[in-house]
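J.: Fold the following and give me the result.
(one chain, ligands or ions: 1)
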Amino acid sequence: MLKPLLARLHAPVYRRRLSVLTELILPHLRDGDTILDVGCGAGTLGAALHSQAHARGMDVRVEGLERFPRGGEPIPVTPYDGKSFPFANQSFDLVIVADVLHHESQPEALLRECIRVSKRRVAIKDHQLWGPLAKMRVSLIDWAANAPYGVECLYRYNTPLQWESALRDLRLTPVALHRSINLYPVGFNFLFGRRLQYLAICRVPSSLEENAGAL
Ligand SMILES: C[S@@+](CC[C@H](N)C(=O)[O-])C[C@H]1O[C@@H](n2cnc3c(N)ncnc32)[C@H](O)[C@@H]1O
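T.: Below you'll find the predicted structure:
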């Protein structure tokens, strides 16, 4: 009984999250791009990006990759074992990993795979511990958002400094860094949005742009 109730309460919050994230990621897309949504869950973020990109005249292709596919996703989804992505190096222009890394016991390995298969950008959306009772607030929203879908929570989140050093270690260069996002409806956002939310859109080390700069 608790799970359907949580799912119903979560729906409007999730809708706003989708539209905010889509608006922040869209400017980084180009016509003809291929996009991989890693840990796509229900596939709604990838689908929203696809439809908004098309509405703006960009013909992009979006697909998902999931460890535990749910079925019925609005984008094509490839299942895999959660370790090596079944794609060649630089297969996609943009790789999105949204609220997945904190569910993964080896987040660095997962991020390395995201970088490997990306030609140009990796978009990392996750949480960060910043502000009073941050761990408690993030844990609560993480549990409430995932319990209805049976997604395991590890309750481990990065601080802003840990994000900085993770990007540096992997030679990811942020081209857009959002360290406070009004991700949720007012009120809810005050408690669970803002500085608990993190989005970095990064240039990957092997990107063509970087190689051009090195010449
Ligand atoms: C909180 S949901 C996020 C769903 C979606 N990215 C979104 O933003 O709406 C986290 C998802 O990551 C998936 N996941 C966890 N570890 C994964 C891994 N190593 N590779 C791919 N997916 C993973 C889970 O199965 C779950 O569906």
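
J.: Buried residues, the top helix by length along the chain. List them.
T.: When the chain is scanned for its longest helix (criterion: DSSP state H), the result is helix 2-25. Neighbour counts using 16 or more other Cβ atoms under 10 Å place L6, H10, V13, R16, R17, L18, V20, L21, T22, L24, I25 of helix 2-25 among the buried residues. Glycine gets a C-beta too; all of them are placed from N, C-alpha and C.

J.: what helices or strands is the longest strand along the chain leaning on?
T.: Once the chain is assigned using DSSP state E, the strand that runs over the most residues is strand 118-127. Counting contacts by 3 or more Cβ pairs under 8 Å, 6 or more residues apart in numbering; DSSP states H and E, strand 118-127 packs against strand 92-98, helix 107-116, strand 197-203, helix 208-214.

J.: Rounded mean pLDDT for the second one, please.
T.: Okay, so that is helix 107-116. Helix 107-116 shows an average pLDDT of 98 in the prediction.

J.: Give me the buried positions along it.
T.: Those would be P107, L110, L111, E113, C114, I115, R116, for helix 107-116 by 16+ other Cβ under 10 Å.

J.: Could you list which residues are in contact with the residue nearest the centre of the chain?
T.: By Cα atoms, centre = their mean, the chain has its centre lying nearest to A98, at 1.5 Å. Going by Cβ atoms under 8 Å, 6 or more residues apart in numbering, A98 touches L21, D37, G39, L45, A123, K125, D126.

J.: just to revisit the earlier point, quick one: mean pLDDT for the longest helix of the chain?
T.: 85.

J.: From the rest of the structure, what touches that helix?
T.: Residues from elsewhere that reach helix 2-25, judged by Cβ under 8 Å, 6+ apart: 44-45, 48-49, 52, 94, 96, 98, 123, 125, 144-145, 147-149, 176, 178, 181-185, 188, 199, 201.
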